[in-house]
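Novice: show me the folded form of this:
(chains A, B, C and D)
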Number of protein chains: 2
Amino acid sequence: MAADVLDATFAALADPTRRAILARLMEGEATVTELAAPFAMSQPGISKHLRVLERAGLISRGRDAQRRPRRLEAGPLKDAMDWLANYRSYWEESYQRLDDLLGELDSGGPNAVGQESP
Amino acid sequence: MAADVLDATFAALADPTRRAILARLMEGEATVTELAAPFAMSQPGISKHLRVLERAGLISRGRDAQRRPRRLEAGPLKDAMDWLANYRSYWEESYQRLDDLLGELDSGGPNAVGQESP
DNA sequence: CGGTTTTATAACTAGATGGTTTTGTACCGT
DNA sequence: ACGGTACAAAACCATCTAGTTATAAAACCG
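Specialist: Modelled structure (predicted):
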C-alpha cells in the first residue's frame, strides 16, 4: 500500500472544509459553485480545496457546458480505512487482554498484527 | 464529533514517519530512542513527531527513570474510522445501486447515510 | 562528585498550506 | 456579437510544517 497515497488521503481529510465537501458529494455530483455555497470563502479558495481532493484521488471532474461537476471517488478512503483497521483491537473491549498477550510475545518479536512496510 | 479532533488525527496520520511510529507502538511501549532508531532523522526530529502524535491524543507518555516511554492511545483512531465508515457504501460492490437510490430519495432529504455535523 | 544516557527546548531555515484578490477563458443565452 | 455565468490560474501573503544544530535538564552509573 503506497505510502504517498495514504499521505495524500489523510492530508486531504485533515481539513474540515474538505471533509464537508466530501460529505456534500455523498448526495451526488455537484458543481463548484454549489460546493462553494455553504462556505464563507471565495470561489478560488474552494477550487484550491478541490484540487487537493482531486490530487488525492478523492474526487473526479465531469463536464456539463461551463460546469465541471465533481464526483466522489471513495477508493482511497477504503485504503485509509484498511490502514486504520489494523488498530481496531486497540480500541475495542478486548484491548487490554490482547495488549498483554502481545507484550508477552514481545521477546520473540514476530510481526504479529500488521504493519506498514517502511 | 468535534471537528478539530478529526483535524488533528488525520493531520497526524498524514506523515509516514508518524504512521510508522504508531505501527511500532502496536508491539508495545517504546522509548524515544527506540522509536528513533529505524529512521535517518535526528532525535529532536522524532521528538517533534511525537509531540504531534501526543497533541492528537494518539500516544501518551510514561516515565521510567530518564526514559519517557510512549504508549499507543487508539481512541482517536476509532473516531477517524467511524467517520470513514460513512463512506463505506461508496467503495463497495453495491455502490452504484445505492448511489442511484440516494439520488432518487434526494428530494425528501432524510439523512440516510450519515454526515458530519458542521 | 563527574560523566553518560535520555529526552526536551530553542532558534533557525526551506518549503508547503490556506487564504486572498485579480484576471483570464470558455460556454451559454438572447 | 454581447453580456453573463462558471471556473481556473496567477501572484501574493501569513502561517504552519518538517527538518536541522546546539544546548540544557534530569536521572542514572561508578
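
Novice: do the strand or helix carrying A:Asp79 and chain B meet at all?
Specialist: For A:Asp79, the enclosing helix or strand under DSSP states H and E is helix A:75-85. Yes - if you take CB under 8 Å from any CB of the partner chain as the test, helix A:75-85 does meet chain B, through A:Gly75, A:Leu77, A:Lys78, A:Ala80, A:Met81, A:Trp83, A:Leu84, A:Ala85. Where C-beta positions appear, they are placed from N, C-alpha and C, glycine not excepted.

Novice: could you look up the SS state of A:Ser60?
Specialist: Following DSSP: H, G, I helix; E, B strand; the rest coil, A:Ser60 is assigned to strand.

Novice: next, count neighbours for it.
Specialist: 13 (other CB atoms under 10 Å in any protein chain shown).

Novice: contact residues of chain A facing DNA strand D?
Specialist: Contacts of chain A with DNA strand D, taken as CB under 7 Å from any atom of the strand, map to A:31-34, A:43-44, A:47, A:50, A:61, A:66-69.

Novice: these in strands, which ones?
Specialist: A:Arg61 (DSSP state E).

Novice: tell me the two of the residues of chain A next to DNA strand D that are most distant?
Specialist: Farthest pair in the residues of chain A next to DNA strand D (CB to CB) is A:Pro44 and A:Pro69. Separation: 18.0 Å.

Novice: coming back round to it: list only those of the residues of helix A:75-85 next to chain B flagged as buried.
Specialist: By neighbour count, with 16 or more other CB atoms under 10 Å in any protein chain shown, these hold A:Leu77, A:Lys78, A:Ala80, A:Met81, A:Trp83, A:Leu84 as buried.

Novice: contacts only, for the residue in chain A positioned nearest to DNA strand C.
Specialist: Per CB to the nearest atom of the strand, A:Gly45 is where chain A lies closest to DNA strand C, at 2.8 Å. Going by CB atoms under 8 Å, 6 or more residues apart in numbering or on different chains, A:Gly45 touches A:Ala36, A:Phe39.

Novice: as a whole number, average confidence for the top helix by length along chain A?
Specialist: When chain A is parsed with DSSP state H, its longest helix is helix A:43-55. Taken as a whole, helix A:43-55 carries a mean pLDDT of 98.

Novice: that one versus helix A:75-85: what angle between them?
Specialist: Helix A:43-55 runs at 70 degrees relative to helix A:75-85, counting by axes from the mean of the first three to the mean of the last three CA atoms, to 10 degrees.

Novice: any buried residues in helix A:43-55, and which?
Specialist: Neighbour counts using 16+ other CB under 10 Å place A:Ile46, A:His49, A:Leu50, A:Val52, A:Leu53 of helix A:43-55 among the buried residues.

Novice: what is the neighbour count of A:Asp64?
Specialist: Counted with other CB under 10 Å, the neighbours of A:Asp64 add up to 9.

Novice: my error: substitute A:Pro76 in the last question.
Specialist: A:Pro76: 20 neighbours (other CB under 10 Å).

Novice: what do you get for A:Glu34?
Specialist: A:Glu34 has 13 neighbours, counted by other CB under 10 Å.
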